[in-house]
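Trainee: Have a look; sequence and predicted model below, questions after that.
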Amino acid sequence: ILWADCDSAGRTCMNNLAFRISKLLPNVKRYVFENPDGISKSDAANLTREQIAHHITELVNNPEIALDNKSTRVVFGDKFPAPLDDSAYLGILGEVVNILDHATESDKQSNYLTLLTFIGLLIGPNTAIEAAIGHPELMTLLVGNTSTARKGTSWRASYNQVLKPVMKELGYDDEEIAAFMISGVSSGEGLVSLFDPPVSTGAPKAANIQKFVKLSEFAMFLDTSKRQGNNVSIILRDFYDNEDVEVPTARVRALKAISPHLALLAHITPDEFADKFDQREATYGVLNRFFPMAVKGSKILPIERSTFPAGVLTGEIVEIARLIEQAQRHRDVRFTDDGAARYNEIRRQELDWAEKQGEVFIVKATSRLTDYVGKIAHIMAAMDFRSYSDLTREDSRTGRSIITAEHVEAAYKWCLRSRETVRWIF
C-alpha cells in the first residue's frame, strides 16, 4: 500500500513507484491510496492511527472499493477485465459475432475486434474527420495466454468464415487477397517497401495503398524493433498518423510510402506485453498507438460443434459487402449533432481524468484513447444499415452525418476496456 500526498506530484510519484514495483514483483498487488477527504497535500500524517488502521483494513478486506468514484484512490490489481455487454456489439458485425460464438471457443471481444480491424481498412480513408481522429484504421493487440486465449482460433474463424468470403463478394481474387495481407515484417524499410512497389522509371508513385499486417508473434517483432538502427517503431508511429514516409536506402532511390493505409492485428501474451513495453514506449508515443484488448477462451465446445456449418452466414456476408461498398462510395462522413456532443463530452472527461492522475504510466499508455473512440465509432456507423437508409444527392456532395451518440457510446466501452487491459497487465 503506497500512501500518496493529495496532489499531482504525490500521486505521480507513488504511481511511478507502483509501476516499478510491478516490474520487480509482478504477482504482488499494488494499491496507491490517498486520504478520502481529498484535502490538497494531506497525507497519512494528517490522520489518526485509528483512521489509518481502518483504511488499511478496509483495503485489505475489500480491495474492490478502491475503484469507487468517491475518492481519488487508484488501484493496480490483477483482475481480468470484465466482458463487454451486448450494447457494445453494434450492427451486423455484432450479429455475426453472436453466430460465430456458437461454433468457436474464442471470446466475442476477440472476434468482434478482428472484424472491426480488417473491415475498417477495407472501408478506406475518410477526409471529413481525418484531422480529428484519423482514418478508420486500427492497430489492435489481442492480449491473452498462449493456447487458452484462443487468439489463433479467433483469427481463423473470423477470416475463413467472414472476412475472406466478404472480400470474394467484393470482387477480390486470390492474388489480390494475398497482396492485401502481410504476415511478417521485421524492419521499418520492410514495412515501407510494402507501399512502394517497383515501378518503371519516371512513373508516379502509387498512393493510398492498403495493407493488413497480421503478426501472430508480436513479441518477436518487438524484440527486432529494439535492435540498434531498427526504425520500425518510428515508421509504425508515422503510419498511425497517416504521414507520408520516406526511408533512405543503399539503393539509388529512397523507399517512399505516399498516403499509406495500414491496419495491424497482433497477438501477444500478458507477460510478453509487460516485458516488452515500458515507460519509454509510453512516454515517446509508441505504445499509445496500439489498441490492446484482454481476451481468453470463452468455452470448451464438444467436438461435434467445432465445425462451422456451411452457408450459415451467406446472407450476412452479402450484407457486409454491400455496406462496405456504400461506405467506400460515401467516405466523407461526419458526426451527427448528438454524436459530436457525446464525443466532445468524452474528450473533456478524458482530459479531466488525465489531469487528475498526473504523469503516470496508465495515462501515457492510453493517451490516444479518444482517437480510437472516433475510429471505432466510424467503423460501427459504416456497418450500420440505418446509416444509408435515406441517402440523398446532397449527402454525396456535402458528406454524410452518420456517427451517432449510440456509435460513440459503444466505441467508448471498447476503449475503456482497453484501458483496463493495460491496468490489468501493469
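Mentor: Okay, I see it.
Trainee: Just name the shakiest helix or strand of the chain by mean pLDDT.
Mentor: strand 74-76 (a mean of 39; mean pLDDT, DSSP states H and E).
Trainee: so what's V286 up against?
Mentor: Applying Cβ atoms under 8 Å, 6 or more residues apart in numbering, we find V286 in contact with S233, L236, R237. In this view, the C-beta of every residue, glycine as well, is placed from N, C-alpha and C.
Trainee: let's go with 10 Å and repeat that
Mentor: With contacts defined as Cβ atoms under 10 Å, 6 or more residues apart in numbering, V286 is in contact with L222, S225, V232, S233, I234, L236, R237, Y240, F277, R280, A365.
Trainee: among those, which two are most distant?
Mentor: Distance extremes for the contacts of V286: the farthest pair is V232 and A365 at 19.1 Å, using Cβ to Cβ.
Trainee: Look at these two and report which has more neighbours.
Mentor: Neighbours were tallied for V232 and for A365 using other Cβ atoms under 10 Å; the higher tally belongs to A365 (26 against 22).
Trainee: K356 versus that one, what's the distance?
Mentor: A365 is 16 Å from K356, where distance means Cβ to Cβ, to the nearest Å.
Trainee: Give the residue spans of the stretch 51-200 of the chain that score low on pLDDT.
Mentor: Applying pLDDT under 70 to the stretch 51-200 of the chain picks out residues 60, 62-78, 126-132, 147-149, 186, 197-200.
Trainee: rerun that using 80 as the cut-off
Mentor: 51, 54-79, 103, 125-134, 146-151, 184-190, 196-200 (pLDDT under 80).
Trainee: Determine the longest strand present in the chain.
Mentor: strand 261-268 (DSSP state E).
Trainee: Mind listing the strands that one pairs with, and their directions?
Mentor: Using DSSP bridges, the strands paired with strand 261-268 are strand 139-143 (parallel), strand 210-215 (parallel).
Trainee: Could you list the buried residues of that strand?
Mentor: H261, L262, A263, L264, L265, A266, H267, I268 (16 or more other Cβ atoms under 10 Å).
Trainee: cool, stretch 136-147 as well?
Mentor: Along stretch 136-147, these residues count as buried under the neighbour rule (16+ other Cβ under 10 Å): P136, E137, L138, M139, T140, L141, L142, V143, G144.
Trainee: Make JSON lines out of these and add distance to I123.
Mentor: Output for the buried residues of stretch 136-147, formatted as JSON lines (distance: Cβ to Cβ, whole Å):
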{"residue": "P136", "distance to I123": "5"}
{"residue": "E137", "distance to I123": "9"}
{"residue": "L138", "distance to I123": "11"}
{"residue": "M139", "distance to I123": "16"}
{"residue": "T140", "distance to I123": "15"}
{"residue": "L141", "distance to I123": "21"}
{"residue": "L142", "distance to I123": "21"}
{"residue": "V143", "distance to I123": "25"}
{"residue": "G144", "distance to I123": "27"}
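Trainee: Packing partners of the next helix or strand along the chain from the least confident helix or strand of the chain?
Mentor: Using DSSP states H and E, the helix or strand that follows strand 74-76 in sequence is helix 91-100. Packing contacts for helix 91-100, counted by 3 or more Cβ pairs under 10 Å, 6 or more residues apart in numbering; DSSP states H and E, involve helix 108-123, helix 151-158, helix 314-329, helix 369-382, helix 405-425.
Trainee: angle of the fourth one against helix 91-100?
Mentor: Okay, so that is helix 369-382. Angle, helix 369-382 to helix 91-100, by axes from the mean of the first three to the mean of the last three Cα atoms, to 10 degrees: 90 degrees.
Trainee: For helix 369-382, list the C-alpha coordinates in PDB.
Mentor: In PDB, the C-alpha atoms belonging to helix 369-382 read as follows (Å, rounded to 0.1, in the frame of the first residue of the first chain):
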ATOM      1  CA  LEU A 369      -8.000   6.600 -26.300                       C
ATOM      2  CA  THR A 370     -10.300   9.300 -27.700                       C
ATOM      3  CA  ASP A 371      -8.800   8.800 -31.200                       C
ATOM      4  CA  TYR A 372      -9.800   5.200 -31.000                       C
ATOM      5  CA  VAL A 373     -13.300   6.100 -29.800                       C
ATOM      6  CA  GLY A 374     -13.700   8.100 -33.100                       C
ATOM      7  CA  LYS A 375     -12.200   5.400 -35.300                       C
ATOM      8  CA  ILE A 376     -14.200   2.600 -33.800                       C
ATOM      9  CA  ALA A 377     -17.400   4.600 -33.900                       C
ATOM     10  CA  HIS A 378     -16.800   5.400 -37.500                       C
ATOM     11  CA  ILE A 379     -16.500   1.700 -38.400                       C
ATOM     12  CA  MET A 380     -19.600   0.900 -36.400                       C
ATOM     13  CA  ALA A 381     -21.600   3.600 -38.200                       C
ATOM     14  CA  ALA A 382     -20.300   2.400 -41.600                       C
END
